[in-house]
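Asks: quick one, what's the 3D model for this:
(one chain, ligands or ions: 1)
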Amino acid sequence: MPVRTRSAALFDEALQRFPGGVNSPVRAFRAVGGQPFFVKSAQGAHLTDADGTALLDYVCTWGPAILGHAHPRITEAIREAADGGTSFGAPHVRELELARRVQSFVPGIGKLRFCSSGTEACMTAIRLARGVTGRDVIVKFDGCYHGHADSLLVRAGSGALTHGQPDSAGIPAALASLTCVLPFNDLAALEAVFAARGREIAGVIVEGVPANAGLYLPRPGYYERLQSLCREHGALFICDEVMTGFRLGLDGAQGRFGLQPDLTCFGKIIGGGLPVGAVGGRAELMDHLSPLGPVYQAGTLSGNPLAMAAGAAALDALASGEIYRHIETLGAHLEAGMTEAARAAGVPVRWQRIGSMFCGYFTDQPVHHLGDALRCDRQRFARFFHGMLDAGIYFAPSQFEAGFLSAAHTPEDIEHTIRTAAGVLRTL
Ligand code: KE4
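Replies: Just a heads-up that it's a prediction; the model follows:
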């Protein structure tokens, strides 16, 4: 059991200064018990905690660190940008440099608007859908998380689900009633809601793949039908690629599934680990945004030069496609090894994966939607989490989160993880 006295002292102070001791709920370890460690630094595939313990990191700051932590191309880009100033609140070329890259990789992004988080991107996308269509209803899916804007914190995933508040307090019932929540992968429910309320629906928002209740995948044809129903009824199809954008490939989930969303939300990787978000789509839709159109949206730090520089450096490093081949290979290796380790230990684990994103569900059944995910053995997951953490391997501190690989992970890291898990699973 590693020493965590420094982290414990810091957490004691944090509990006095921040609600729950954290600045984002999922970091609090409430789902797995115990206290979170404090990070001192990070390099490549490893974190170093405040007590000097090295941890092999499968959280990757919830996705952005696809190159690994402190990648020299990113830190150098930030350093060079910072030498010219950290924020201007005025147009500058770095906004164009990142936009050119995003638009060159993702078809259909006629125009973009940068902001400072995935929450802002998704909030803007639904406001735009309502402004463009003049309709009020937004459709989302239970367990999916699109940040913490009021209309989207209805039956939400990630920390909201982890902490048992999928419907947050503080959201007026009148507003929540305009968010229609459907079970994911249920085509009949989708057809029925469009048949009954198609003319009221401003937009449907869905994650590139649902990865905020663990990780499960759309059934074949589901997203295609969702997209066609939106077109048939004049609703906007909003693909939330905050997590999957530039994670599942240069053209994200929409490229993998052959989709053409009306609006796409970005975040995480396009900021290279700095605060960023973006919403993009056809110009005739995006031009509804102020100052051209009537849909207001703004941000002091939108298009921040450091985030733009870090994001451009990240996308340049990803452009050859080599990193995607590497993390796909590692993902398959980890999936096979963890599945075999669980089988040998006699512990039911469904390891679900797409590319370099994965979730080890503690259940013996496949997980296709939130209902399946909720049947997992969360207590056993928590024991597994701590067993691995005590052995120096950091998975997401919730059964309802995804794990990530980076360019810095190696086949030896994967083998070490599998061997360690084989031992931990036998103790559960
Ligand atoms: P941010 O506001 O956290 O930058 O992005 C919100 C968001 C939007 N859409 C998707 C698909 C997302 O996964 C997220 C944020 N992801 C969580 C992790 N599951 C962020 C971690 C946290 O809340 O601390």
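
Asks: ok, the closest residue to the ligand within the stretch 151-300 of the chain - how many residues close by?
Replies: Ranking the residues of the stretch 151-300 of the chain by distance to the ligand (CB to the nearest ligand atom) places Val242 first, at 3.5 Å. Just so you know, the C-beta spots here come from the backbone N, C-alpha and C atoms, and that holds for glycine as well. Here the neighbour count serves as a burial measure; for Val242 (other CB atoms under 10 Å) it reads 31.

Asks: got the contact list for it?
Replies: Contacts here follow CB atoms under 8 Å, 6 or more residues apart in numbering; on that basis Val242 touches 118, 121-122, 146-147, 207, 265-268, 277.

Asks: run the last query once more with 6 Å
Replies: For Val242, the set of contacting residues under the criterion of CB atoms under 6 Å, 6 or more residues apart in numbering consists of 118, 265, 267-268.

Asks: look up how far Gly198 lies from it.
Replies: Between Val242 and Gly198 the distance is 27 Å, computed by CB to CB, to the nearest Å.

Asks: what's the answer for Ser398, then?
Replies: 36 Å.

Asks: the two: who's more crowded?
Replies: More crowded of Ser398 and Gly198, by other CB under 10 Å: Ser398, with 28 against 16.

Asks: any idea which element Arg225 lies in?
Replies: For Arg225, the element it lies in under DSSP states H and E is helix 222-233.

Asks: quick one: whatever helix or strand comes next after that helix to chain centroid distance?
Replies: Along the chain past helix 222-233, the next helix or strand (assigned with DSSP H and E) turns out to be strand 236-240. In terms of CA atoms, centre = their mean, to the nearest Å, the centre of strand 236-240 is found 15 Å from the chain centre.

Asks: how about the residues of the stretch 101-250 of the chain by the ligand?
Replies: Counting by CB under 6 Å from any ligand atom, the residues of the stretch 101-250 of the chain close to the ligand are 117-119, 122, 145-147, 158-159, 207, 212, 240, 242-243.

Asks: go again using 5 Å as the cut-off
Replies: 117-119, 146-147, 158, 207, 212, 240, 242-243 (CB under 5 Å from any ligand atom).

Asks: mean confidence score for the lengthiest helix in the chain?
Replies: Under DSSP state H, the helix in the chain containing the largest number of residues is helix 322-345. Mean pLDDT, taken over the full extent of helix 322-345, equals 98.

Asks: which of the residues of the stretch 101-250 of the chain next to the ligand fall in strands?
Replies: In strands, judged by DSSP state E, the following of these are found: 207, 240.

Asks: in helices, which of the residues of the stretch 101-250 of the chain next to the ligand fall?
Replies: Among these, the members falling in helices (DSSP H) are 118-119, 158.

Asks: now those in CSV, with neighbour count and pLDDT?
Replies: Listed next are those as CSV, based on neighbours: other CB atoms under 10 Å; pLDDT from 0 to 100:
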residue, neighbour count, pLDDT
Gly118, 28, 98
Thr119, 20, 98
Ser158, 26, 88
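
Asks: closest one to Thr5 out of these, please.
Replies: Nearest to Thr5 out of those is Ser158 (CB to CB; 30.2 Å).

Asks: surely that closest one and Tyr145 touch.
Replies: Yes. Taking contact to mean CB atoms under 6 Å, the distance of 3.9 Å between Ser158 and Tyr145 places them in contact.

Asks: give me the common contacts of these two.
Replies: A shared contact of Ser158 and Tyr145, defined by CB under 6 Å, 6+ apart, is any residue touching both; here these are Asn212.

Asks: hmm, stretch 299-310 in reach of the ligand?
Replies: No. Figure legend: stretch 299-310 not in contact with the ligand (CB under 5 Å from any ligand atom); closest approach 11.5 Å.

Asks: mind listing what's buried in that stretch?
Replies: The neighbour-count check on stretch 299-310 (16 or more other CB atoms under 10 Å) flags 299, 301-310 as buried.

Asks: ditto for stretch 378-394
Replies: The neighbour-count check on stretch 378-394 (16+ other CB under 10 Å) flags 378, 380-389, 391-394 as buried.

Asks: of these, just say which sits nearest to Val93.
Replies: When these are ranked by distance to Val93 (CB to CB), Tyr394 comes first, at 37.8 Å.

Asks: OK, contacts around that closest one?
Replies: By CB under 6 Å, 6+ apart, the neighbours of Tyr394 are 55, 57.

Asks: try 10 Å this time
Replies: Taking CB atoms under 10 Å, 6 or more residues apart in numbering as the criterion, Tyr394 is in contact with 37, 39, 46-47, 49, 55-60, 385, 388, 403.

Asks: most neighbours out of those, which is it?
Replies: Cys60 (30 neighbours).

Asks: ok, Leu153 - contacts?
Replies: Taking CB under 10 Å, 6+ apart as the test, what Leu153 contacts is 119, 140, 145-147, 160, 165-171, 175-176, 179.
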